[in-house]
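Student: here are the coordinates; sequence isn't available:
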Ligand SMILES: [Zn+2]
């Protein structure tokens with residue numbers, strides 16, 4: 001319980017609260033046989049994977065924790081006349097595992113867009129579609145280099161995966177191999193909401209992601225993780241350094257993951273000065289003003305294509321965007337360069353601001369999350385407007401060119417929230433979407449409130465009434481733990497985002513209190529920064545730091561579709577003692593917050609821990625003697641997703657007002 005919670009409760013009631021749990025009421029209903037407690041199945045330890053010296057019982061990475069490393073050197077050329085990419089890369093893969101590797105698995109996500117791909121067949125007619133004639137990746141070279149020797153390995157490609165069979169295995173604990181791949185593909189116009197191209201009046205805006213062959217993760221939990229890319233499931237990626245050279249026609253501006261290494265070759269002197277000023281400026285400064293778009297003076301003198309070189313250290317992915325149509329602006333926060341790149345179609349109006357506000361939104365997100373949870377780990381942050389509705393990559397995010405006002409703030413804030421999950425804390429998104437989307441939705445809730453206060457439109461979606469309504473939707477009948485590709489499409493937004501996000505708000509505001517929750521959540525980020533946590537590592541870390549066994553919470557909220565219904569059944573008086581008879585009428589359990597109103601109209605709050613439900617689904621709470629109770633309400637602030645509000649309040653019957661049985665004061669348990 002935190003100080004701020006304490007302040008909201010009437011102080012007088014508090015001292016007695018946790019001592020007042022002597023089971024006088026419960027004793028009356030205690031089982032007379034030696035049967036197990038009624039709710040044993042709810043409170044039993046969660047059957048998590050056994051801890052090890054790799055992933056410990058406390059949720060920390062253990063002394064034997066290891067992960068692989070993949071460093072990339074890439075040269076890529078954009079050919080806009082054919083909407084084509086030509087790339088050439090060297091992946092330096094380091095096998096830190098204790099295992100000898102005889103094969104390598106590589107992701108070829110562009111094959112999602114090949115007609116007949118798994119994703120195209122599974123997702124026909126949805127936003128994860130995107131297959132088109134000519135789609136898919138073509139490899140023109142596959143070589144491996146080991147100990148100075150270059151070989152053409154045997155490999156096979158199945159859908160979005162490639163397996164390379166090695167003649168000479170990669171030895172454990174530091175063995176290295178270089179993989180050289182050349183490739184080409186046609187950029188889809190609409191790339192399953194992850195990449196694509198938008199036609200501005202000033203030229204095409206290309207957004208490039210999943211654009212280079214990249215390593216699958218090899219880990220201690222599943223070995224290789226070659227799960228196909230189907231659409232809903234996002235990405236699980238190794239960390240490494242990227243050195244990327246992007247060659248584009250001279251009139252194009254390029255923004256990317258990483259820091260630009262050669263500004264004197266690709267920017268004008270004026271633009272370099274504006275960028276330097278912007279880095280120290282709270283106000284947004286134009287690098288390319290709307291009136292300058294397309295003017296030859298915005299590009300260095302000369303002819304022929306330009307190569308933009310970017311370097312990114314210790315990231316799990318690399319994305320970029322290029323266009324001759326970009327308006328480009330920037331500001332700074334604490335040494336971090338914050339930028340937006342958008343075509344004029346993104347500009348808003350005085351009443352409905354658009355992308356001209358983007359950098360201000362970026363600045364809020366980066367500074368807010370940095371101060372609240374963990375410092376932004378990168379030197380730059382770029383928001384790009386285009387065809388992609390909202391998608392995150394390290395240092396760069398893609399948001400819809402059509403987003404305006406609070407919707408643009410919302411999507412920008414969400415995509416940059418992903419910096420912390422999964423860019424920094426590198427979870428397996430393909431299996432556990434909630435570990436990034438849910439944790440991020442939780443972050444966004446408070447960021448949104450910090451920016452807009454109570455005017456925030458999106459807070460409606462985190463109200464308990466909204467959540468209950470969503471829990472009852474027939475399409476939302478799967479647990480949060482379901483793999484995202486297995487979730488019903490209609491359920492993804494709720495089960496991967498809203499429900500886990502709301503669950504963490506509950507955990508923070510109702511179960512643990514802000515102080516304990518925040519300490520645990522920050523510690524989770526710190527422990528797993530640039531690593532690969534599993535769900536158990538998250539659950540264990542929160543329990544370890546908060547000191548609370550939360551098996552019931554994880555089981556109920558994450559592993560089940562159970563509902564919550566807390567009720568005040570009756571209030572009785574016996575020998576001057578007042579008993580409040582409560583019941584828990586659905587499968588979920590939660591602590592109880594009671595508001596008691598006395599005949600003199602004073603009110604006080606009582607908090608009962610979740611342990612009151614250990615032995616039965618009913619509980620009688622004994623109030624200190626001597627005062628007449630006229631009203632009792634559970635969950636008075638409506639923080640819990642309580643199914644039936646109509647049984648939340650008991651009122652003392654009056655001569656005129658006696659209505660229903662549960663509202664009388666004469667019922668007995
Ligand atoms: Zn997201």
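Tutor: That came in fine, so what should we check first? What you see is a predicted model; the values in this text were computed from it and never measured.

Student: for stretch 190-206, list every residue counted as buried.
Tutor: For stretch 190-206, the neighbour count (16 or more other Cβ atoms under 10 Å) marks 190-198, 200, 202-206 as buried. For glycine as for every other residue, the C-beta is placed from the backbone atoms N, C-alpha and C.

Student: out of the residues you listed, which one sits closest to residue 270?
Tutor: residue 202 (19.8 Å; Cβ to Cβ).

Student: got the phi/psi numbers for that closest one?
Tutor: Torsion angles at residue 202 (phi, psi; degrees, to the nearest 10) stand at phi -100, psi 10.

Student: OK, contacts around the nearest residue to residue 427 once chain neighbours are set aside?
Tutor: Counting by Cβ to Cβ, 6 or more residues apart in numbering, residue 435 is the residue found nearest to residue 427 once chain neighbours are left out, at 4.0 Å. Going by Cβ atoms under 8 Å, 6 or more residues apart in numbering, residue 435 touches 421, 422, 427, 428, 429, 533, 535, 538.

Student: skip the chain neighbours and tell me the closest residue to the second one.
Tutor: Nearest non-adjacent residue to residue 422, counting by Cβ to Cβ, 6+ apart: residue 436, 4.1 Å away.

Student: also the fourth one?
Tutor: With sequence-adjacent residues excluded and distances taken as Cβ to Cβ, 6+ apart, residue 428 is closest to residue 236, at 4.2 Å.

Student: burial count for residue 446?
Tutor: 16 (other Cβ atoms under 10 Å).

Student: ah, wrong one, I meant residue 633
Tutor: 20.

Student: secondary structure element for it?
Tutor: Element membership for residue 633 (DSSP states H and E) is strand 629-634.

Student: contacts for that strand?
Tutor: The contact list for strand 629-634 (Cβ under 8 Å, 6+ apart) reads 566-568, 571, 578, 580, 582, 592-599, 623, 642, 648-652.

Student: check stretch 148-168 too.
Tutor: Stretch 148-168 is contacted from outside by 101-109, 111-112, 117-119, 139, 142-147, 177, 179-180, 213, 216, 226, 228-229, using Cβ under 8 Å, 6+ apart.

Student: any low-confidence regions in this protein?
Tutor: Residues of the chain meeting the criterion pLDDT under 70: 1-38, 128, 457-460, 655-669.

Student: buried stuff in stretch 509-520?
Tutor: For stretch 509-520, a neighbour-count test (16+ other Cβ under 10 Å) marks 509, 510, 511, 512, 513, 516, 517, 518, 520 as buried.

Student: swap that for stretch 135-153, sorry
Tutor: By neighbour count with 16+ other Cβ under 10 Å, stretch 135-153 contains the buried residues 135, 136, 137, 139, 142, 144, 146, 153.

Student: and it, end to end?
Tutor: One end of stretch 135-153 to the other measures 25 Å (Cα to Cα, to the nearest Å).

Student: residue 141 belongs to a helix, doesn't it?
Tutor: No - counting by DSSP: H, G, I helix; E, B strand; the rest coil, residue 141 falls outside a helix, being strand.

Student: give the contact list for it.
Tutor: 88, 180, 181, 182.

Student: the last one looks like it's in a helix, true?
Tutor: Just to be clear, that refers to residue 182. No - according to three-state DSSP, the state of residue 182 is strand, so it is not within a helix.

Student: so residue 564 versus residue 603, what's the distance?
Tutor: For residue 564, the distance to residue 603 (Cβ to Cβ, to the nearest Å) stands at 23 Å.

Student: got it, and residue 155?
Tutor: 71 Å.

Student: who has more neighbours out of those two?
Tutor: Between residue 155 and residue 603, residue 155 has the larger neighbour count (other Cβ under 10 Å), namely 17 against 14.

Student: now, the contacts of stretch 148-168 that are in strands?
Tutor: Counting by DSSP state E, the part of these found in strands is 101-107, 139, 142-146, 177, 179-180.

Student: closest to residue 283 out of those?
Tutor: Nearest to residue 283 among the ones in strands among the contacts of stretch 148-168 is residue 107, at 41.1 Å by Cβ to Cβ.

Student: apart from its neighbours in sequence, what residue is nearest the closest one?
Tutor: residue 214 (5.2 Å).

Student: list the contacts for that neighbour?
Tutor: The neighbours of residue 214, taking Cβ under 8 Å, 6+ apart as the test, are 70, 72, 91, 106, 107, 237, 317.

Student: and residue 363, what does it touch?
Tutor: Counting by Cβ under 8 Å, 6+ apart, residue 363 touches 282, 331, 333, 338.

Student: residue 310: neighbour count?
Tutor: Per other Cβ under 10 Å, the neighbour tally for residue 310 reads 24.

Student: likewise residue 40?
Tutor: 11.

Student: that one and residue 134, how far apart?
Tutor: Distance of residue 40 to residue 134, given as Cβ to Cβ: 59 Å.

Student: can you list the buried residues in stretch 281-300?
Tutor: Using 16+ other Cβ under 10 Å as the burial criterion, the residues of stretch 281-300 that qualify are 281, 284, 285, 286, 287, 288, 293, 298, 299.

Student: for these, work out which two are farthest apart.
Tutor: Farthest pair in the buried residues of stretch 281-300, by Cβ to Cβ: 281 and 299, 23.7 Å.
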